[in-house]
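Novice: Task: produce atomic coordinates for the following.
(one chain, ligands or ions: 1)
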Amino acid sequence: MSDRTAPAPAAVLVTSRPLDEYCGLFGLTRAAIAALPGPLLDCPGGAAALAAEARPLGCRVIATDPVYARSTEEISARALAARATMAAAMDARPDLYPARRHRPPDRYLRSWDRAHRLFAADRAAHPGQYVAAALPRLPFADGTFALTLSGYLVFAYPALFGPERQLAALTELVRVTVPGGEVRVHPLHDGAGRRTGHLDAVRRALGARRITSEIRTVPSTEETGRPRRVLVLRRVVRPERHGGNG
Ligand SMILES: C[S@@+](CC[C@H](N)C(=O)[O-])C[C@H]1O[C@@H](n2cnc3c(N)ncnc32)[C@H](O)[C@@H]1O
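Specialist: Here you go, the predicted structure:
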């Protein structure tokens with residue numbers, strides 16, 4: 001795998017998805033989030049409302065994103081720009097976005113507006129839960145999180161994350177997740193809907209690092225409009241070695 005052919009990075013949108021859309025994209029429910037035995041990592045968090053909306057469920061979410069080095073006003077400006085970009089993209093390529101008859105684009109984007117407002121209020125109230133950091137290096141100890149979600153970055157922006165960087169980023173997400181816990185990554189295609197061609201090679205390389213992978217299809221929900229493919233990663237747990245002669 002090589003990153004040498006990667007073109008210059010395109011600007012990354014700072015989007016603001018609500019918790020219900022996260023649930024639909026990653027095959028989760030509110031009850032499953034509430035039942036997590038430890039904190040959840042949202043990387044990248046963008047201007048999303050996962051941390052804000054999971055708190056009343058009793059789940060602690062740490063959101064991390066390099067954009068958190070910026071003020072909430074600057075992030076809000078980027079979230080509004082992302083909304084405008086998405087509105088134009090949904091007009092231009094309706095085939096790529098949730099079924100219009102179930103969820104008209106303006107209603108869908110209003111859910112982003114609400115999430116963005118929740119994010120801004122939550123970051124003001126709980127700044128410590130929004131950590132400025134960039135993959136492939138995260139400032140968390142091994143095994144910190146019970147579940148890690150990574151939405152709309154690693155495979156969505158191949159100009160920014162070529163195969164080597166994807167591998168490094170995925171390995172890092174697994175490192176900070178508890179052994180036995182899952183890392184879930186979506187989407188497995190870029191912004192134009194092109195599937196990642198080298199996914200099998202990335203999965204083989206992860207396997208060589210003792211990371212298991214599976215591609216799970218999660219069913220369509222009102223928020224997602226169609227079934228989704230999610231890459232699920234887990235660290236292989238070494239069996240305990242017993243001493244003695246037995
Ligand atoms: C499309 S948004 C996704 C946000 C959120 N997961 C959602 O679905 O609404 C992509 C985010 O990736 C962040 N980002 C860009 N480079 C990154 C990196 N190297 N590591 C982590 N996040 C990064 C951007 O700042 C942006 O907020």
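Novice: Could you report the neighbour count for the closest residue to the ligand within the chain?
Specialist: Nearest to the ligand in the chain, going by CB to the nearest ligand atom, is Gly46, at a distance of 2.7 Å. Just so you know, the C-beta spots here come from the backbone N, C-alpha and C atoms, and that holds for glycine as well. Residues lying near Gly46 (other CB atoms under 10 Å) number 28.
Novice: quick check, it in a helix?
Specialist: No. According to DSSP: H, G, I helix; E, B strand; the rest coil, Gly46 belongs to no helix; its state is coil.
Novice: State the distance from it to Pro94.
Specialist: According to CB to CB, to the nearest Å, Gly46 and Pro94 sit 23 Å apart.
Novice: Give me every residue in this structure lying close to the ligand.
Specialist: By the rule CB under 6 Å from any ligand atom, the part of the chain lying against the ligand is 12-17, 43-44, 46, 48, 65-67, 134-135, 151-153.
Novice: Now, of those residues, which are buried?
Specialist: With neighbours counted by 16 or more other CB atoms under 10 Å, the residues of the chain next to the ligand contain buried members at 12-17, 43-44, 46, 48, 65, 67, 135, 151-153.
Novice: For those residues, work out which two are farthest apart.
Specialist: Greatest spatial distance among those (CB to CB): Ser16 and Leu135, at 19.4 Å.
Novice: what residues does stretch 118-132 touch?
Specialist: Outside stretch 118-132, the residues that touch it by CB atoms under 8 Å, 6 or more residues apart in numbering are 16, 18, 45, 47-49, 51-53, 55, 60-69, 72, 75-76, 79, 139.
Novice: Out of the residues you listed, which end up buried?
Specialist: 16, 18, 45, 47-49, 51-53, 61-65, 67-68, 72, 75-76, 79.
Novice: Give me the subset of those lying in strands.
Specialist: Val61, Ile62, Ala63, Thr64 (DSSP state E).
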